[in-house]
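In: Curious how this folds, go ahead:
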Amino acid sequence: MALLVVDLRVKKGEQLPWIVPDSLWERIEPLLPKVERRRRHPGRKRLDDRLALQGILFVLYTAIPWEFLPQELGFGSGMTCWRRLRDWHQAGVWDRLHQLLLAELHAAGRLDWSKAVIDSSHVRALKGGPKPARARSTAPSRARNTTSSPKATASPSPSL
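Out: Residues are numbered from 1 along each chain as shown. All right, here's what the predicted structure looks like:
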């Protein structure tokens with residue numbers, strides 16, 4: 001059995017970073033897909049979305065593996081939180097939240113685009129730009145065989 005120790009020190013008066021404040025939750029909740037419970041074979045009651053989000057934030061903040069999420073915190077299992085993260089990603093929740101927060105910051109005049117950085121991990125690079133000269137590889141590779149002689153040509157040998 002592995003023992004996992006996570007440093008959860010937070011300065012006095014600070015809110016725990018994985019706890020979602022009401023003001024942020026009011027923005028996030030409308031973006032989440034509504035999931036109806038099945039009438040026939042409803043199964044276990046679904047974990048509250050806010051608790052699942054806090055479980056996701058806890059795992060991301062502490063960098064623990066999903067399966068080590070302590071259920072005593074009330075966030076559900078790590079697998080439940082991971083599935084919710086996957087479902088929300090597939091539903092485009094994170095992209096919509098990003099756009100919403102950018103729009104709010106822009107409206108409040110709190111965006112400084114001169115300090116923005118963008119790279120190909122965020123936006124696909126256009127094809128057709130100038131191509132750099134191809135550099136020679138410095139990676140190790142097999143050397144050419146110099147010990148074997150080239151194929152002999154069929155020529156008459158002089159007689160002595």
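In: Every contact and neighbour count from this point should use C-alpha atoms.
Out: Will do.
In: Now do the buried residues in stretch 41-56.
Out: 49, 51, 52, 53, 54, 55, 56 (16 or more other CA atoms under 10 Å).
In: tell me which element the last one falls in.
Out: To tie it back to what came earlier, the one meant is residue 56. helix 49-62 (DSSP states H and E).
In: what's in contact with that helix?
Out: 6-8, 17-20, 25, 65-66, 69, 74-76, 78, 80-82, 84-85 (CA atoms under 8 Å, 6 or more residues apart in numbering).
In: Could you do stretch 94-112 as well?
Out: 27, 28, 31, 88.
In: any weak-confidence spans in the chain?
Out: 1-8, 122, 125, 128-131, 148-160 (pLDDT under 70).
In: For it, which segments count as helices?
Out: Along the chain, the stretches classed as helices by DSSP state H are 22-28, 49-62, 78-90, 93-107.
In: Please identify the most buried of those.
Out: Across these, averaging neighbours per residue (mean count of other CA atoms under 10 Å) puts helix 49-62 on top, at a mean of 19.
In: got the angle for it vs helix 78-90?
Out: Orientation check (axes from the mean of the first three to the mean of the last three CA atoms, to 10 degrees): helix 49-62 against helix 78-90 gives 100 degrees.
In: Using CSV, list the CA coordinates for helix 49-62.
Out: C-alpha atoms of helix 49-62 as CSV (Å, rounded to 0.1, in the frame of the first residue of the first chain):
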residue,chain,number,x,y,z
ASP,A,49,-21.6,19.0,-10.6
ARG,A,50,-20.0,21.6,-8.3
LEU,A,51,-18.5,18.8,-6.1
ALA,A,52,-17.2,17.1,-9.2
LEU,A,53,-15.6,20.3,-10.4
GLN,A,54,-14.0,20.8,-7.0
GLY,A,55,-12.7,17.2,-7.1
ILE,A,56,-11.2,18.0,-10.6
LEU,A,57,-9.6,21.1,-9.2
PHE,A,58,-8.2,19.3,-6.2
VAL,A,59,-6.5,16.6,-8.4
LEU,A,60,-5.1,19.3,-10.7
TYR,A,61,-3.9,21.5,-7.8
THR,A,62,-2.3,18.6,-5.8
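In: now that helix, how far from the centre of its chain.
Out: Taking CA atoms, centre = their mean, to the nearest Å, one finds helix 49-62 lying 14 Å from the centre of the chain it belongs to.
In: go on, stretch 59-74?
Out: Using CA atoms, centre = their mean, the offset of stretch 59-74 from its chain centre is 17 Å.
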